[in-house]
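Engineer: Turn this into a structure:
(one chain, ligands or ions: 2)
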Amino acid sequence: MISSLVLTLIAAAIVVQIAVFSTTIYLHRSVTHRAIKLQPTVALVFRMALWLTTGIVVKQWVAVHRKHHAFPDEEGDPHSPHLAGFWSVQLGNVFHYVREARNPEVIEKYAKDLKDDAWDRYLFNHGTTGVLVGLTLLCLGLGSWGLLAGALHGVSYVFILSPSVNGLCHFFGRKNFDNTATNLQSIAFLTGGEGLHNNHHAFQRSPKFSYRASEFDPAWPVIWVLTKLRLAQPYTTIKEALAQPQES
Ligand SMILES: [Zn+2]
Ligand SMILES: [Zn+2]
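Structural biologist: Ligands and ions are numbered 1, 2, ... in the order given. As a prediction, this is how the structure comes out:
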C-alpha cells in the first residue's frame, strides 16, 4: 500500500514534468514564438508527449497565448489577473482558456500560419482521446493507482502550474524589464522555466528564459543538449539580442 502510493506520487511527478517540458519547449518556445526550430522527429516526440499528457490542441493554445502577448494585461488579454481578478485567473485559468480556445475567430486570427498535417487530423486534434490513452498507459503500469497518478498530474498541471504563470507571474515577483509580467524562480523550477515570465515578455523569441546569473531555466540545458546534437536550432538569447547593435 505505502510502496504503491510512493510509486504513484513518483509517476505523477514524472508525468507532470513531461507535460511541462513539452509545453515550454515545443508548444510555447518552438511553435508559438519560433524561438527554437526542432528537428521533425524530436518535434513529433514532444507532440506525442503533449497529446498523451495534456490533450492540448496546439493551434488553440498558440492562438490564445499569442493573443495574451498582443494585449498583456490590457482589454483583450484572455487571462489577465489585473482585469479578471487574481483569484479568477489563479483558480479558474482553465475556464478563461477554454472560452478563448473555442472561439474560431481567435484561432483564425492568431494561428493562421499553423496548418494541420495527418498527425493532427487523425490523432493530435482529438485531445480527449489523448488524455484517455495516456491514462490507460498509466493504468497498464500502475493498475488502478494509475487513475490517482493521472488525477494528481491533471490537477497540478491545470489548477496549479499553468495558472501560476498566468496569475502569480503577472502579479508578484521581480522584474528585469519594463513589462507587466514578473519573474518567480520558485515557479520557474516547477514549470520548466516558465516562471521567468518577465524575461519572456521582454524577449519572446529568446529560447532561453533566464537572463541573470542568479536565474535558472530548467528547460535550457535540454535545449542546449538538443542544439549540440544538431536536433534543435535556437534563435538569439536575451544576452545575444542585447549585445546586438541597436538600430537608430
Ligand atoms: Zn504573460
Ligand atoms: Zn509566450
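Engineer: which residues in the protein form helices?
Structural biologist: With DSSP state H as the definition, the chain shows helices at residue ranges 2-21, 40-53, 58-70, 81-84, 86-101, 104-110, 118-119, 127-142, 145-155, 162-166, 185-190, 197-202, 219-228, 238-243.
Engineer: Restricting to C-alpha, output the third one in PDB.
Structural biologist: Only the C-alpha atoms of helix 58-70 are listed here, as PDB (Å, rounded to 0.1, in the frame of the first residue of the first chain):
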ATOM      1  CA  VAL A  58      -1.700  23.100 -30.500                       C
ATOM      2  CA  LYS A  59      -3.500  25.600 -32.700                       C
ATOM      3  CA  GLN A  60      -5.800  26.600 -29.900                       C
ATOM      4  CA  TRP A  61      -3.100  27.100 -27.300                       C
ATOM      5  CA  VAL A  62      -0.900  29.000 -29.700                       C
ATOM      6  CA  ALA A  63      -3.700  31.400 -30.600                       C
ATOM      7  CA  VAL A  64      -4.800  32.100 -27.000                       C
ATOM      8  CA  HIS A  65      -1.200  32.600 -26.000                       C
ATOM      9  CA  ARG A  66      -0.300  34.900 -28.900                       C
ATOM     10  CA  LYS A  67      -3.500  37.000 -28.100                       C
ATOM     11  CA  HIS A  68      -2.200  37.300 -24.500                       C
ATOM     12  CA  HIS A  69       1.100  38.700 -25.800                       C
ATOM     13  CA  ALA A  70      -0.800  41.100 -28.100                       C
END
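Engineer: Can you check what angle separates it from helix 127-142?
Structural biologist: With axes from the mean of the first three to the mean of the last three CA atoms, to 10 degrees defining the directions, helix 58-70 sits at 110 degrees from helix 127-142.
Engineer: about what we covered before: mind putting the helices of the chain in JSON lines, mean neighbour count, mean pLDDT and distance to Ser210 included?
Structural biologist: Quick note: C-beta positions are derived from backbone N, CA and C, even for glycine. Below are the helices of the chain laid out as JSON lines (neighbours: other CB atoms under 10 Å; pLDDT from 0 to 100; distance: least, CB to CB, whole Å):
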{"stretch": "helix 2-21", "mean neighbour count": "16", "mean pLDDT": "95", "distance to Ser210": "16"}
{"stretch": "helix 40-53", "mean neighbour count": "18", "mean pLDDT": "98", "distance to Ser210": "21"}
{"stretch": "helix 58-70", "mean neighbour count": "21", "mean pLDDT": "98", "distance to Ser210": "19"}
{"stretch": "helix 81-84", "mean neighbour count": "18", "mean pLDDT": "96", "distance to Ser210": "23"}
{"stretch": "helix 86-101", "mean neighbour count": "17", "mean pLDDT": "96", "distance to Ser210": "24"}
{"stretch": "helix 104-110", "mean neighbour count": "14", "mean pLDDT": "97", "distance to Ser210": "27"}
{"stretch": "helix 118-119", "mean neighbour count": "10", "mean pLDDT": "96", "distance to Ser210": "32"}
{"stretch": "helix 127-142", "mean neighbour count": "16", "mean pLDDT": "97", "distance to Ser210": "30"}
{"stretch": "helix 145-155", "mean neighbour count": "19", "mean pLDDT": "97", "distance to Ser210": "26"}
{"stretch": "helix 162-166", "mean neighbour count": "24", "mean pLDDT": "97", "distance to Ser210": "15"}
{"stretch": "helix 185-190", "mean neighbour count": "18", "mean pLDDT": "98", "distance to Ser210": "8"}
{"stretch": "helix 197-202", "mean neighbour count": "25", "mean pLDDT": "98", "distance to Ser210": "7"}
{"stretch": "helix 219-228", "mean neighbour count": "16", "mean pLDDT": "98", "distance to Ser210": "6"}
{"stretch": "helix 238-243", "mean neighbour count": "14", "mean pLDDT": "93", "distance to Ser210": "8"}
